[in-house]
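Novice: I need the structure of the sequence given here:
(chains A and B)
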Amino acid sequence: MSADEPPAGPGRERLRDAEHVLHGPGGSGAWRQLLYVVYVVSILAGLYGFTVLRALVEVVGPRWAADGLVVPTRVALALAAVAVVALVRLAGRRRGPVTPDLAWVDLVVASPVDRRLALREAWLLPWTGLIAVGTVLGGVVGAALWGGGAAGPVTAVVGLVGGGGYGVLLALVWLAGQVAGDPAGDRHPAAAAPALAVRPGRALRALGLEGLRAHSARSSRLGGAVLAGDPRALRLEAASPVRRGRRWRLRSRGPVRTVVARDVLGLRRQPVLLVAGGALVVAGSSGLAWVLAEPSAPVLGAAVAVLVWQGGVGVWAEGLRLLGDTLGSPRLLGGSVAREAVAHSVVPGGLALLVAGATLAGWSAVADPDGGTVAAAVVAVPALAAVCLAAQWVAAFRVLPPELALLPEAGPQVLVVWLAWPVVLAVAAGTLAVVRVAGVAHGAPVVPAALVVVVAVGALSGLASRALSRAAVAHRD
Amino acid sequence: MSGTAAGVRVEVAGAAKAVDGAVLLRPVSLRVEPGTCTVLRGPNGAGKTTLLRLVAGVTAPTEGAVTLDGRPADERDPWTRDAVAALLGPPATYRDLTLADHLVLVDATWGRDPDTCADRVEEALARFGVEGLADRFTHELSSGQRQLFHLALTWFRPARLLLLDEPEQRLDDDRRARLADLVRERCAGGVTVLMACHDPDVTAAAADAVLEVREDGRYP
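Specialist: Sure thing, here's the model as predicted:
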């Protein structure tokens, strides 16, 4: 927290009074909660993260080093770190780091007390939290590299410092996003937001009441949606309102083609989704090409490629999720739900095939792989598209979380598993299919691999169809 | 929509609903003839919305029966879905579609002529006085405008039975009077209408019959 201006004494006293009135002599307990979160993260990272990572470094590290995979891995991690920074900046516009309670916003922030003082604690909490968690995670990664024999002891120190520094960067970028998206921000153009965020005191003063109320309310609703296992509410709260292309009209082209055109129009109005999905599928397809071409490529590489693919297809599958949202309420649209679901699958499926096909064709032109590898790619892409689409169906048409998710003892874990279930399915089935197809490219027999691919795709498709059937009738108790 | 439709006969025979011991609706009986409008009245919590949900077939009675033209009301049955248009709360709308786009989508999925779709959409929006909002996204509407749009959406799909839960909510006096006219117009076209309503003027103008839903379940 930079001291741009000396804090006013009476302001501090008023804040202490307000804090006492709202929370009593014990205070809000927010710092204790933060300490607990850091404690839990430290325990989990130390016990499981360090152990698993060190074992991974020990087992696969020498092989990766021999295969020349260390540099590409570093590049991929650096790109991921940059992507996270960009995402955090975007997230700040919808849910920034400074989200005090609504009562605090209405009763204290709205008062004449210096806004920097009134928002100080609300900013220091996420700032401290990110630095602490970044330091712990960076330290664990550095220690694991050292413990696994991949680097010297300095790496542990570099990890600690780097992790903490990355935490600081994320916190400032997050705040910059909030400042840039603030409705009162006309006085501070968006371009000035990063500069403002480096001086948090000025940034806090730049935040308007309306924006703070919106972020605070949204924060509560997001938390409620997570606890209730309500992906729809979570999505609607996290997504920015659409304002682009209002003059572009949807044209009637018959029952199925109009639904497909709806999804195309949705992507035109939200081009960031089109681009983000494309970037992910290109990245996933590049990983797929590498797995198919390199006999030494690890299974983990295939799993990451499928995970990234699934993310890209998911970004394009908004129509499927919107259909899932309408199930259970009286129908407005004609025709069967199954027909509508199939129509909503055309855009994500078609785009996935198109973008992945183009990526692999480009790779094929540059790398000149043998015929077997090209044939493997021709099989792997549609198989992966089918797997990812089926997983999107499972995600879009899931009904309420299990009752266990409401129990305080097991609730969070059950919710995490329930939310992650479609992704786990996609990664498991997709990785199995890709690894088997890659095996054929490197000389493995065709028939067993084909059987595995058919069973994986078929099983997931069956689950997807069942999810739709269940969701269509789940509301009728 | 213009034209006539063979309205559905609604029969509710001692239907009641309870969930985990909580009584949402005490046994009630009701008969609504095709092409007529029946208004449900009663205090908050009496079970008007639950009764409408039973008739829409989105939930099943725990005792008694609800039939539409002699068939059990069940939303899973395509026949019920084809027959019933219902506004029982805000419908799930698409955040990336404008008001006009929503109506185009509804129009297309019911297999209507694409060449005349734009005219129908314009007419449907004008019917509720929201034609000037055709290019707005749903998050850009006031609460009253949103209610008018939801009514326009519900009106737009073909139906033989129209179920409305307090459709007069958030509407000004002129729009309430217009709503009553539109209900009468729909009944004149043969559609059966069953709605819950707290507004005495709308009730007087629209209803052929009024049923007081009672919390104690004692009916004369």
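
Novice: Relative to the whole chain's centre, how far out is stretch A:42-52?
Specialist: Distance of stretch A:42-52 from its chain centroid, counting by CA atoms, centre = their mean, to the nearest Å, is 22 Å.

Novice: Stretch A:346-364 too?
Specialist: 22 Å.

Novice: can that stretch be found next to chain B?
Specialist: No: Stretch A:346-364 stays clear of chain B (CB under 8 Å from any CB of the partner chain), getting no nearer than 12.4 Å. (C-beta placed from N, C-alpha, C; glycine too.)

Novice: which of the residues in that stretch are buried?
Specialist: For stretch A:346-364, burial by neighbour count (16 or more other CB atoms under 10 Å in any protein chain shown) applies to A:346-349, A:351-352, A:355-357, A:359-360, A:363.

Novice: hmm, who's touching that stretch?
Specialist: Stretch A:346-364 has contacts (CB atoms under 8 Å, 6 or more residues apart in numbering or on different chains) with A:260, A:263-264, A:267, A:277-278, A:281-282, A:284-286, A:288-289, A:309, A:312-314, A:316-317, A:319-320, A:369, A:374, A:377, A:381-382, A:384-385, A:388-389, A:392.

Novice: do the same with stretch A:259-276
Specialist: Here stretch A:259-276 makes contact (CB under 8 Å, 6+ apart) with A:242, A:244-245, A:248, A:250-251, A:253, A:312, A:315-316, A:318-319, A:340, A:343-344, A:346-348, B:94, B:96-97, B:101, B:105, B:108-109.

Novice: Where do the helices of chain B begin and end?
Specialist: B:48-56, B:78-83, B:99-109, B:117-127, B:143-156, B:173-188, B:200-206 (DSSP state H).

Novice: Mean neighbour count and mean pLDDT for these - can I get that in CSV?
Specialist: Below are the helices of chain B laid out as CSV (neighbours: other CB atoms under 10 Å in any protein chain shown; pLDDT from 0 to 100):
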stretch, mean neighbour count, mean pLDDT
helix B:48-56, 25, 95
helix B:78-83, 17, 89
helix B:99-109, 25, 95
helix B:117-127, 17, 95
helix B:143-156, 20, 95
helix B:173-188, 17, 95
helix B:200-206, 17, 95
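
Novice: Can you lay out the ones you listed as CSV showing distance to chain A?
Specialist: Output for the helices of chain B, formatted as CSV (distance: least, CB to the nearest CB, whole Å):
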stretch, distance to chain A
helix B:48-56, 6
helix B:78-83, 5
helix B:99-109, 4
helix B:117-127, 4
helix B:143-156, 6
helix B:173-188, 16
helix B:200-206, 20
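
Novice: Distance to A:Leu407 for these - can I get that in CSV?
Specialist: Shown next, in CSV, are these (distance: least, CB to CB, whole Å):
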stretch, distance to A:Leu407
helix B:48-56, 29
helix B:78-83, 36
helix B:99-109, 40
helix B:117-127, 48
helix B:143-156, 37
helix B:173-188, 46
helix B:200-206, 46
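
Novice: if we can go back for a sec, just the buried residues from the contacts of stretch A:259-276, in PyMOL please.
Specialist: Typed into PyMOL, the line below selects the buried ones among the contacts of stretch A:259-276, using 16+ other CB under 10 Å:
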select buried, (chain A and resi 242+245+250+312+315+316+318+319+340+343+344+346+347+348) or (chain B and resi 94+96+97+101+105+108+109)
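
Novice: Just the ones of the contacts of stretch A:259-276 in strands?
Specialist: Under the assignment DSSP state E, the contacts of stretch A:259-276 contribute nothing to strands.

Novice: Which of the contacts of stretch A:259-276 fall within helices?
Specialist: Judged by DSSP H, helices contain the following of these: A:312, A:315-316, A:318-319, A:340, A:343-344, A:346-348, B:101, B:105, B:108-109.

Novice: which bits of chain A sit near chain B?
Specialist: Residues of chain A that fall close to chain B, judged by CB under 8 Å from any CB: A:236, A:239, A:241-243, A:246-247, A:249-255, A:258-259, A:262, A:265-266, A:269-270, A:318, A:322, A:325-326, A:328-336, A:340, A:472-473, A:475-477.

Novice: quick one: A:Arg243 and B:Arg136 touch, right?
Specialist: No: between A:Arg243 and B:Arg136 there is no contact under CB atoms under 8 Å: 9.9 Å.

Novice: So which of those two has more stuff around it?
Specialist: Between A:Arg243 and B:Arg136, counted using other CB atoms under 10 Å in any protein chain shown, B:Arg136 has the larger neighbour count: 17 against 11.

Novice: Which residues does stretch B:199-211 contact?
Specialist: Residues outside stretch B:199-211 that contact it (CB under 8 Å, 6+ apart) are B:28, B:30, B:32, B:36-41, B:168, B:176-177, B:179-181, B:183-184, B:187, B:193, B:195, B:197.

Novice: 10 Å - rerun?
Specialist: Residues outside stretch B:199-211 that contact it (CB atoms under 10 Å, 6 or more residues apart in numbering or on different chains) are B:12, B:28-33, B:35-42, B:48, B:51, B:164, B:166-169, B:171, B:173, B:176-177, B:179-184, B:186-187, B:193-197, B:219.

Novice: And stretch B:15-29, by the same measure?
Specialist: Contacts for stretch B:15-29 (CB under 10 Å, 6+ apart): A:477, B:11-14, B:30, B:40, B:45-51, B:53-55, B:59-67, B:73, B:211, B:213-219.

Novice: Low-confidence regions, the stretch 1-150 of chain A specifically.
Specialist: Along the stretch 1-150 of chain A, the model assigns pLDDT under 70 to residues A:1-11.
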